[in-house]
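A.B. asks: A predicted structure for the sequence below; I have some questions about it.
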Amino acid sequence: MKKGFKYFCYCLIIGLTTVLYSSCTSPKTTNLLQDKGPLYAAKPFEDYKLQINDEISCSILTSNKDFSDVFNGVISSEIGGSRSSYPIVETGDISIPFFGEIQVLGLTIPEAEEVIQNRMRQAIPDAQVKVFLKNNYYYVVSNQQNGRQNIYKDNMTIFQALAINGMPGPDLELEKVKIIRLDETGRSIIKEFDLRAESIIESEFYYIKPNDMIYYSTSKRAFFRINSVTGLIATIIAPITAALVILSFRIN
C-alpha cells in the first residue's frame, strides 16, 4: 500500500508540474523590442508603388465646373452613388472615361497624379488631379482577432498596427508572425519574422503596406493554457484521477 501511495504521489507531481510549466508565459515569450534574436537588415521606407489589381480613384479641380461636376460624381453622389474607382488591369493600365487608357503600374501615388494630370490637361488645360488608393487597407488573421483596418498614413508601422488592433494574446506565436505581401505583379509572397526582435525597426517588416495580411499562428502553449478557476480545478483533478485509476489497477 505504501508503495502504491508513493507511486500516486509521483504521478501527481509529474502531472501538475508538466501542465503548470506548459501553461506559463515568460516575459521572453511576449516582450517586444528584445535585443536578442534574429538580426534583420535595414531597409529604408519607400513610397508604395501601384500594383496589378489595385484600385484608384481620381478627383479633378478645374474652372470648367460642368466638367468637374460630372467627372467628380457630384450628380451621382446626390442620387446615392459614389466616386468611381479604376482598377489596374494586367496590362498596367487604368481606363478613365473621356481620357482612355493610362499606364500607372509601378508608379507612386504622386507619380500617378502627374501622369493622369498631364493626360487630362490635353483637354482641360487648368486641370489639377488628386489620386487616392481605394484599397489602402491591411488585414489581421488569427484565432483571436480578424479584421480589416485602414492605413491612415504612408509610413504606418507594425507597432502602430498593434496599437490599433491590440497586442496578440499569449497563445499566439510572436516569434513566427507571417506577412502575406503582394509583389509588383500581384503575386502573393509569404514572409516570416520575429515580432519580438528589436531589429525589425526599419527592416522590411517594419512598415505596413497596402494589402498586407498579418497572420498570427497559434502556439502549442495554448493547449495547456489555464484561463479560469474552472480550468485550474480541471487541471488539478485530471492527473489525480489518472493516478487513482492507475493505483487501483496496481492494488487489484
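C.D. replies: Received it, and whenever you're ready, just let me know what you need. Numbering: from 1, shown residues only.

A.B. asks: what about Ile60, neighbour count?
C.D. replies: Using other C-beta atoms under 10 Å, Ile60 has 19 neighbouring residues. Backbone N, C-alpha and C define where each C-beta goes, glycine included.

A.B. asks: pretty sure it contacts Ser68?
C.D. replies: Yes: assessed by C-beta atoms under 8 Å, Ile60 is found in contact with Ser68 at 5.4 Å.

A.B. asks: Low-confidence regions, the protein specifically.
C.D. replies: Within the chain, the segments meeting pLDDT under 70 span 1-28, 74-83, 221-252.

A.B. asks: Now do the same contact list for the most centrally placed residue in it.
C.D. replies: Residue closest to the mean C-alpha point of the chain, counted by C-alpha atoms, centre = their mean, is Ile214 at 2.7 Å. Listed by C-beta atoms under 8 Å, 6 or more residues apart in numbering, the contact partners of Ile214 are 138-141, 158, 161, 177-179.

A.B. asks: For those, give me a markdown table that also has secondary structure.
C.D. replies: Shown next, in a markdown table, are the contacts of Ile214 (DSSP: H, G, I helix; E, B strand; the rest coil):
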| residue | secondary structure |
| --- | --- |
| Tyr138 | strand |
| Tyr139 | strand |
| Val140 | strand |
| Val141 | strand |
| Ile158 | helix |
| Ala161 | helix |
| Val177 | strand |
| Lys178 | strand |
| Ile179 | strand |
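
A.B. asks: so how many other residues sit close to Leu195?
C.D. replies: Leu195 has 24 neighbouring residues, counting by other C-beta under 10 Å.

A.B. asks: about what we covered before: pull the most distant pair out of the contacts of Ile214.
C.D. replies: Val141 and Ile158 (14.9 Å; C-beta to C-beta).

A.B. asks: Please identify which of those two sits among more neighbours.
C.D. replies: It is Ile158, of Val141 and Ile158, that has more neighbours when counted by other C-beta under 10 Å, with 21 against 14.

A.B. asks: Quick one: neighbours of the residue nearest to the more buried one when sequence neighbours are not counted, just the number.
C.D. replies: Spatial nearest neighbour of Ile158, chain neighbours left out: Tyr206 (5.9 Å); criterion: C-beta to C-beta, 6 or more residues apart in numbering. Neighbours of Tyr206 under the rule other C-beta under 10 Å: 19.
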